[in-house]
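Visitor: A predicted structure for the sequence below; I have some questions about it.
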Protein chains: 4
Amino acid sequence: MYMDEITFRTDILTKLKKECASDDDVIEAMLVCSDKNIPDMTDSAKFGRINALMRERHGTPFEHNFLKFYSEAPIFVYREWHRHRIGVSINEQSGRYSELPPMFYIPPRERPLVKVEGTKQMDYISEDGGDELYEWLIEDLKEDCTDSYNRYLRRLERGVVKEVARIGLNLNIFSKMVWSCNARSLMAFLSLRTRREAMWVLDPNDPAKKYLENEEGAMFPSKPQWEIEVAANTLEEVFAAAMPMTHQAFIDNGRVCP
Amino acid sequence: MYMDEITFRTDILTKLKKECASDDDVIEAMLVCSDKNIPDMTDSAKFGRINALMRERHGTPFEHNFLKFYSEAPIFVYREWHRHRIGVSINEQSGRYSELPPMFYIPPRERPLVKVEGTKQMDYISEDGGDELYEWLIEDLKEDCTDSYNRYLRRLERGVVKEVARIGLNLNIFSKMVWSCNARSLMAFLSLRTRREAMWVLDPNDPAKKYLENEEGAMFPSKPQWEIEVAANTLEEVFAAAMPMTHQAFIDNGRVCP
Amino acid sequence: MYMDEITFRTDILTKLKKECASDDDVIEAMLVCSDKNIPDMTDSAKFGRINALMRERHGTPFEHNFLKFYSEAPIFVYREWHRHRIGVSINEQSGRYSELPPMFYIPPRERPLVKVEGTKQMDYISEDGGDELYEWLIEDLKEDCTDSYNRYLRRLERGVVKEVARIGLNLNIFSKMVWSCNARSLMAFLSLRTRREAMWVLDPNDPAKKYLENEEGAMFPSKPQWEIEVAANTLEEVFAAAMPMTHQAFIDNGRVCP
Amino acid sequence: MYMDEITFRTDILTKLKKECASDDDVIEAMLVCSDKNIPDMTDSAKFGRINALMRERHGTPFEHNFLKFYSEAPIFVYREWHRHRIGVSINEQSGRYSELPPMFYIPPRERPLVKVEGTKQMDYISEDGGDELYEWLIEDLKEDCTDSYNRYLRRLERGVVKEVARIGLNLNIFSKMVWSCNARSLMAFLSLRTRREAMWVLDPNDPAKKYLENEEGAMFPSKPQWEIEVAANTLEEVFAAAMPMTHQAFIDNGRVCP
């Protein structure tokens, strides 16, 4: 009955609200220096110091900074997001307190939908399933969510409290969140929530040194769900803009959180 | 089509798997003594020491112990449960990896369903809504979940990967979890996830001392959702059995996590 | 031999380096709103909301902000400071890497030095011990530190590595630190590291309400060492300036970290 | 004056007090299974699962276990130990509450004392400095500590409160601690607090696979102070005995905390 009002979104919103983060914050913490006596260093010297911290996994100097985000995403994405416990702060909309608006996530056309034959289940490698499957799935999800949302409204109309009425809602209903982190907790998130294969080589002249074949690889593989990677990619862009040397050192050292 | 196979449960399962927790662990940590030199103390002396720690909020001695639980609960309960980040460990069934079984939560008959008129929204006080409302709700939820679950199965049949197929499932589908904590992180959980009103009085002879009017009250009010309190009550029973003095001191001091 | 060069300080330095913290950050997190739709609220309405969060111990909205400090303090102060583990970041000068400068803490004249007779050991209540005791103590500490520091230099001269040479240094040698926190972790620190007695009364008209007799009291007693309270008082001034409503609500509700 | 009573120790004591930890705890958490339905697996299958978790850095299944230790160590060691904040619990003897016993750490004869020429400062590589230097150092430390400890006693005799009297004591005075952790937080500790060089090779047939040249190496270098490594080695022995498969997988994968 309320079908016309329901919004189906294919995007996941992640935007910076506030930041207090720079590469100099890392240098200051590493050298434990007050704001009066930051040494005069070239950018190249700064990058060298940041890179050494990253390579040898000295993590604490990357914590003295702050990034706050506003996000809109479906609940199944937040379920994964909230598993990150350390160095992050979370406030999410409450379905006990407020009536949840009729807004649901559906995959965009480019989202791979079917498993690639011959790949392992645990590798979560999927590919396009064709137009027909996509269109059927979207229609199916729309019917599913529309029916559940209308049932939600009817429960509320009959006086059922919000915290019970909502339990039949679908995992792809949108919620919203304020999320704060620092560069270290963010790198932990990015190392797990952006998809990368393990691709690297040793330096033939120095077996203690390792290099990535290219910027696309990582020292450890990561196989996140497509949707949380959408959020992670936006977080990473913000991070790269705020702390370009730190971000570059993160990539160069195989996306290992220090 | 698969309706007959769907299980609707009104319970939330929480059971102890392993424990390594006693009141003596608190005494040992407080006195920082090795297992060779625990002083000879009466139970009354032990309770006095534990009670003083609790009253003055010395929290760390309550951390040196371990309780591991296995739980089966609907996802909307785990969403609240997982907001506890510190001193807890979480492993939950993955809907990316495994097909979720057809098992959904429906409220038992005693679960209050309608808001008590005149109470504030933020107090979340509800009461029985009568047989008719209850029966309608249960029927409505069963139809809702049956429809969504069958759509889930059809998506899987058509080759949609599990991580996408599941996004239309309802928030009351059952999941399962292994959860570990210690007495301190558990008291933080219990102080928020069992419903209590603030009810206490001052000692007329000593205004620095306060007493609860009875064991039902707390120093700070807490207004959890009914379902997570079901889990919390079981956790509290296990806690009381393992660490009876610590639990009694928790109650006597108004259920404030130290 | 190096005695003339040794600096004896009676102060503990704590200064703000960066902040990204306001009362509006609390409101935004509580309402989970993006920067576009912060509601138009009076200051009085804002304080009411912040006060309700504090009173009922909803802690997470107080985490979405950032305060970074530079500090210079003796090691025995940092030993207490570093027991705070959650929501804080720490980088301290390394005595393995750098030669520690000859700078030691001595108590200023106003620091109480002797136990008040009749008080309990655990209450740590001390009073002035007179000029003679003070002067003797300062002289004694100066000799103690001068001797140990000169031995430190001799060890270095003879080639002993820094990490070994330093182990004979005194606990009152100065170190320096960069420390970051948020309002929630800072309130946890302040609730324990500023000295307060438990002083509060119930509202005779409503036993669920409690009031402090005055701003000097707290709901729970705290008995920190004098020196860390010096640092805590500076932290609290910065906090009060950055987030005046949050700080006022913290005081009004008995200095309980939410 | 009290010199004869002072104890100089060359050891660092670390002993297990309680454990609730096994490789099966990892399997159970990974499979999120109750104690009734642990699958029948061979040891080889179990190791394969544990190894895969370690290799791909799935960390949470390693948290559902518990190890509690009693330790006696000098303060400069605890200063490093306490930098570990997550997944650990700490209670240490209080120098405010109790008079510290006359017990100090001196390096044993095998402890390298001088920097190896040509090595970088940050690599902290030291070697034996000869008998003469060792004997001089021990004598020097004994005089240093004896003098400072006797001054401590005199301050107490003159009525100075313990928390002030102790500030002149040396960083090598012994303290004691109860410390609890789980396998994950312990591996984080071990990866940083045991000395290893980065030594590993790629599989020529599969560049995504890497192997250590031998069990002595690690994927990331670590350069702890000698004394904390003594404690770490004991912790590692206990860990290896309690969870042999987990420990082996930790070594095989280059001592990277998952």
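Guide: On my side now, so go ahead. Not measured: the values here are computed from a predicted model.
Visitor: which SS class is the nearest residue to A:Met187 once chain neighbours are set aside?
Guide: Among residues not flanking A:Met187 along the chain, A:Cys257 sits closest, at 4.2 Å (C-beta to C-beta, 6 or more residues apart in numbering or on different chains). (Glycine included, C-beta is placed from N, CA and C.) With DSSP: H, G, I helix; E, B strand; the rest coil as the basis, A:Cys257 sits in coil.
Visitor: what does chain A put close to chain C?
Guide: A:15, A:17-20, A:25, A:28-30, A:32-35, A:60-61, A:63-66, A:68, A:70, A:89-93, A:176-178, A:180, A:182 (C-beta under 8 Å from any C-beta of the partner chain).
Visitor: put the buried members of those into a PyMOL selection.
Guide: The buried subset of those, as determined by 16 or more other C-beta atoms under 10 Å in any protein chain shown, is captured in PyMOL by this line:
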select buried, chain A and resi 17+18+19+20+25+28+29+30+32+33+34+60+61+63+64+65+66+68+70+89+90+91+92+93+176+177+178+180+182
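Visitor: what about chain B: which of the residues of chain A next to chain C touch it?
Guide: Checking these against chain B by C-beta under 8 Å from any C-beta, the ones in range are A:Ile90.
Visitor: and the helix or strand hosting A:Glu132, what does it pack against?
Guide: Assigned by DSSP states H and E, A:Glu132 belongs to helix A:131-157. With contacts taken as 3 or more C-beta pairs under 8 Å, 6 or more residues apart in numbering or on different chains; DSSP states H and E, helix A:131-157 sits against strand A:7-9, strand A:103-105, helix A:162-165, helix B:130-157.
Visitor: with distance to B:Lys223 added, can I get those in TSV?
Guide: Listed next are those as TSV, based on distance: least, C-beta to C-beta, whole Å:
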stretch	distance to B:Lys223
strand A:7-9	31
strand A:103-105	27
helix A:162-165	11
helix B:130-157	22
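Visitor: re the thing from before, the residue nearest to A:Met187 contacts A:Ser191, correct?
Guide: Yes: if you go by C-beta atoms under 8 Å, A:Cys257 and A:Ser191 touch, sitting 4.8 Å apart.
Visitor: ok, now which ones touch the residue nearest to A:Ala73 when sequence neighbours are not counted?
Guide: Computed as C-beta to C-beta, 6+ apart, the closest residue to A:Ala73 that is not its neighbour in sequence is A:Ile12, at 4.7 Å. By C-beta atoms under 8 Å, 6 or more residues apart in numbering or on different chains, A:Ile12 lies in contact with A:Ser71, A:Glu72, A:Ala73, A:Pro74, A:Val77, A:Tyr105, A:Glu227, A:Val230, A:Ala231.
Visitor: and A:His58, by the same measure?
Guide: By C-beta under 8 Å, 6+ apart, the contact list for A:His58 reads A:Met30, A:Ala52, A:Pro258.
Visitor: what about A:Trp179, which SS state?
Guide: strand.
Visitor: tell me the bridge partners for it.
Guide: For A:Trp179, the beta-bridge partners under DSSP bridges are A:Phe69, A:Ile90.
Visitor: count of neighbours near it?
Guide: By other C-beta atoms under 10 Å in any protein chain shown, the residues close to A:Trp179 number 26.
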